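A.B. asks: one predicted model, sequence on top.
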Amino acid sequence: MTHAPDISSEPVAFDDMQGLIRFGHGALVEAEFVLCTISDPNAAGLWLDHAPVTSAEALDAPPKVALQVAFTVAGLRAMGVDEGHIAEFSQPFQSGMSGEDSRSRRLGDTGVNAPSEWDWKGADAHILIMLYARKGGLSEWKDKTLDSSFLAAFKQIHSFPTRPNDGTEPFGFRDGISEPKIDWKDARPPAKHGREDFSNLISPGEVVLGYRNEYDEHAAAPDVNDAPPGAHLGRNGSYLVMRQLAQDVPGFWTYLDTMADGDNERREQLAALMVGRRRDGTPLIHDRHDIAGSPRKNDFTYDDDVNGTSCPLGAHIRRANPRTGDQPHRGQGRLGWLLSTLGFRRRRDKLPGRHDLVASTRFHRLVRRGRAYGSALTPEAALRPDAPKDARGLFFICLCADLVRQFEFVQNAWIASPTFNGLTGEADPLLGNRQPFCGVASDGFTIQTPSGIGQRLAPLPQFVTVKGGGYFFLPGLTALRTIARHGRQEV
Ligand code: HEM
């Protein structure tokens, strides 16, 4: 991290940033992701120079199509980016999602989730091409974009069609509801982004390299400061995480149906308890607050549910973003906050043995941009004995400026950890691989009840399996042109 207060008030350059950072492209319901290697760096440089990559500038008329481009570290090398610059990228990006056994263990990529079982690895690819279009427009857009000059430069190794975006994920829940709101105008200093009260605002530097983050510092990135003109490789870029997560939709609903003794209402309730929201997105928490940057359906905290009797402590959304879970002394002033943050005070638990969460949630927010794949299957259809077993799931995609502090922390310390939030023997009820994690069992799920005696489901089957993944760099547009010039050996 480098402290660089000089740039903190610099306006955000939307015209130099890929659009995916600012927009989810949700209205562009069709999407396809293509993984390629670079067969001819010079031809790749020419194509990249002219590629109609979509920027983050707001247009009067929303775009009908979009193109985004991201590189693996092998891709930057293939384009001729020198090792000096490569060494400035973050360590996980350099080593790749599947590059180290210890990383795989931390991410829960063991057993059937292990990289050795994957269908694809980001590390084998050079470039990720992301194509988006309105209904009916994708095929034409793909043909136009991946033209003969593209084919002369790149070799396609995988193509991932997605299911038309209808705002739901394959288990049938509304998705994309809770997103952090980026304080683009940097209107509030980071200290005001929820240091004492939960807010949904985060600094631009949590997602875009080259800007102030929640620590009031810049995330480590190549050439963000003091770079010669044209060599700003990091500035206005972001790290992109992509994981193909196969979802066993019949397995999920059949298990819940069995646990509910075939009772429809109970089955839906159990599913909602695992997610933390009902299928229509309604949160299980009712204590609504006026939270900066939060729309309706997302304006809640866990303050009034410290024991998890409304939303289980281990529910997916509570693990993925514990909100106030780590602010136990709310309402007790700065001293209380300070003592607890410094670890001198234990939470005044209603539930014995519950510890403060590890760190403040605003340092671990993710901007999610995933898309579902495979045909849709309703819970009712999934319960039929002849339910189709074809492949379906989520291309989980998120953007962040710090892979370790954001994606890897959330995946490891919150989603996969069997001791999250004072729990024992359970990981995320949707995502867990049910394998012992660091020697501790992780195949249960506890539903806390007002009596204090939790209902425990165990062993849970595995519902989600990792099929592939990689870490990518989504460069700013100036950086993209610099990478293109490297390919043409003009740098
Ligand atoms: C197949 C895999 C997954 C499914 C089915 C799934 C499903 C969901 C659903 C239904 C929601 C609630 C709707 C919303 O708030 O947008 C949600 C929220 C969320 N998920 Fe996932 N998810 C999956 C994987 C992941 C992964 C791998 C991560 C991170 C490593 C993640 C992080 C989050 C976050 C941060 C939220 C928002 C939580 C909040 O702020 O309240 N999810 N997910």
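C.D. replies: Cool, got the structure. Residues are numbered from 1 along each chain as shown.
A.B. asks: wouldn't Pro164 be in contact with Ala133 here?
C.D. replies: No - contact criterion CB atoms under 8 Å: Pro164 and Ala133 do not qualify, at 10.5 Å. For glycine as for every other residue, the C-beta is placed from the backbone atoms N, C-alpha and C.
A.B. asks: what do these two both touch?
C.D. replies: Common neighbours of Pro164 and Ala133, using CB atoms under 8 Å, 6 or more residues apart in numbering, are Glu30.
A.B. asks: ok, these two, which is more surrounded?
C.D. replies: Neighbour count, other CB atoms under 10 Å: between Pro164 and Ala133, Ala133 has more, with 23 against 13.
A.B. asks: across the sheet, point out what pairs with the more buried one.
C.D. replies: Beta bridges link Ala133 to Glu30, Val65, judged by DSSP bridges.
A.B. asks: residues contacting it?
C.D. replies: By CB under 8 Å, 6+ apart, the neighbours of Ala133 are 28, 30-31, 64-66, 140-141.
A.B. asks: which stretches in the stretch 301-450 of the chain count as helices?
C.D. replies: Using DSSP state H, counting those that start in this stretch, the helices of the stretch 301-450 of the chain run over residues 316-320, 333-341, 379-383, 409.
A.B. asks: which of those has the lowest mean pLDDT?
C.D. replies: Comparing mean pLDDT across the helices of the stretch 301-450 of the chain, the weakest is helix 333-341, with a mean of 46.
A.B. asks: how about the closest residue to the ligand within the stretch 1-150 of the chain, nearest residue that isn't a chain neighbour?
C.D. replies: Per CB to the nearest ligand atom, Leu107 is where the stretch 1-150 of the chain lies closest to the ligand, at 8.9 Å. With sequence-adjacent residues excluded and distances taken as CB to CB, 6 or more residues apart in numbering, Leu107 is closest to Gln411, at 5.2 Å.
A.B. asks: do you know how far that neighbour is from the ligand?
C.D. replies: 4 Å (CB to the nearest ligand atom, to the nearest Å).
A.B. asks: separation between that residue and Thr168?
C.D. replies: 23 Å (CB to CB, to the nearest Å).
A.B. asks: so for the two, which sits in the more crowded spot?
C.D. replies: Gln411 (23 against 17).
A.B. asks: residue contacts, the more buried one?
C.D. replies: Going by CB under 8 Å, 6+ apart, Gln411 touches 106-108.
A.B. asks: and the gap between the residue nearest to Ser55 when sequence neighbours are not counted and Leu131?
C.D. replies: Excluding its sequence neighbours, the residue lying closest to Ser55 (CB to CB, 6+ apart) is Asp15, at 5.3 Å. The spacing between Asp15 and Leu131, counted by CB to CB, is 21 Å.
A.B. asks: neighbour-wise, which of these two wins?
C.D. replies: Using other CB under 10 Å, the more surrounded residue of Asp15 and Leu131 is Leu131, with 24 against 12.
A.B. asks: the more buried one in helix, strand or coil?
C.D. replies: Following DSSP: H, G, I helix; E, B strand; the rest coil, the label given to Leu131 is strand.
A.B. asks: I'd say it and Val34 touch.
C.D. replies: Yes - if you go by CB under 8 Å, Leu131 and Val34 touch, sitting 7.1 Å apart.
A.B. asks: understood, closing this out.
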